[in-house]
Structure formats: structure tokens, C-alpha cells
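*Asks:* based on what follows, work out the 3D shape:
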Amino acid sequence: MPSPRQTVSAASVASRPKGYSSPPPRAGAEGAAGWELSAVLDELLADGVTAVFVEDLADADALAAAARDRGLDVPAQLSVVALGDASRPVPSDADYSGFHIPRKEMGRQAVGLLEAILSGDDAEIQQLLPCELVEGSTLTAPEGL
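*Replies:* Numbers count the residues shown, from 1 in each chain. Purely as a prediction, here's the structure:
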């Protein structure tokens, strides 16, 4: 075990200052979950995928931008659908196809369910909420169909 005066080297200790002093990655280079967009796009295209459903609008925007950077036509060659609203800033005002999810109502019901469970009251565990369809402009039949 190191003495109090010894320097301890660990990945988090060494990388944390770098995170504060280094510039952030180029916008759109990495998704929220840390996936590298170029690799994801390579895999999708290699598999012949023509439509992608992405959980967050910000990730959908980053993936669509990466596709356009490669010369792909969104949505003619790759449709991009957002399964929820942005949870972080989106650098685009593109009209994405997808769904608006009632997150405030979801949170309200979740707190009510937690309160019922903690109080020992009967509660319906699975609760469904309506999501609003957004037609947008990023979903269409693939070219040639």
C-alpha cells in the first residue's frame, strides 16, 4: 500500500486533468454512449441497412451528419428516425422523423408508482403513455423501391 506521500497513478487520476484541458471531440464524432460514429456507420452500410432508429435526437443528428459527410443522401440512401426528443443540445434544426415522448408525464407517473410501492399500495407496474408521431423529413422508402 502506498504511503500518503507517494504518487498513485491510475487511469482516472491521470486522465481527469486531460479531460479539462483538452478540446472536446469534433461535434458528431461520438455518440452519447461513447460509440464512434464512423465505425457504426461503416457497420450499418456494410450490412445494407437503409433505415436507422436512434434513441436520442442528438445522436440521430450526429449520425445523419456523418452520413452526409460521406456523401450519402438522408433520407434517400439512409433514413434516420429519432425515437425521442433531444436530451442534450442539437446543433441542427433539421426536421427529424420520429416520436415525441411525454417525458414529464413519464416522470410524474414514475414518482407516483414509486410512492405507491413504498407505501405498500397496489399499483399497476406497467403503464403505457401515448407518443406523438412526428412525420419529419428523414424517413422515406429507400432508393429503387
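
*Asks:* and the residue lying closest to Glu105 once chain neighbours are set aside, its phi and psi?
*Replies:* Excluding the flanking residues, the one nearest Glu105 by CB to CB, 6 or more residues apart in numbering is Leu129, at 5.9 Å. For every residue, glycine as well, the C-beta is placed using N, CA and C. Note on Leu129: backbone dihedrals following degrees, to the nearest 10 are phi -120, psi 140.

*Asks:* go through the lengthiest helix in the chain and flag the buried ones.
*Replies:* Longest helix of the chain, by residue count under DSSP state H: helix 103-119. Within helix 103-119, the residues scored as buried using 16 or more other CB atoms under 10 Å are Leu113.

*Asks:* the helix or strand following that helix pairs with which strands?
*Replies:* Per DSSP states H and E, helix 103-119 leads on to strand 132-134 as the next helix or strand towards the C-terminus. Applying DSSP bridges, strand 132-134 is found paired with strand 97-100 (antiparallel).

*Asks:* what does the strand it pairs with contact?
*Replies:* Where contact means CB atoms under 8 Å, 6 or more residues apart in numbering, the residues beyond strand 97-100 that reach it are 57, 60, 75, 79-85, 131-139.

*Asks:* restricted to strands, list the residues you listed.
*Replies:* The members of the contacts of strand 97-100 that map onto strands under DSSP state E are 79-82, 132-134.

*Asks:* just the buried members of these?
*Replies:* For the ones in strands among the contacts of strand 97-100, buried by 16+ other CB under 10 Å: 79-82, 134.
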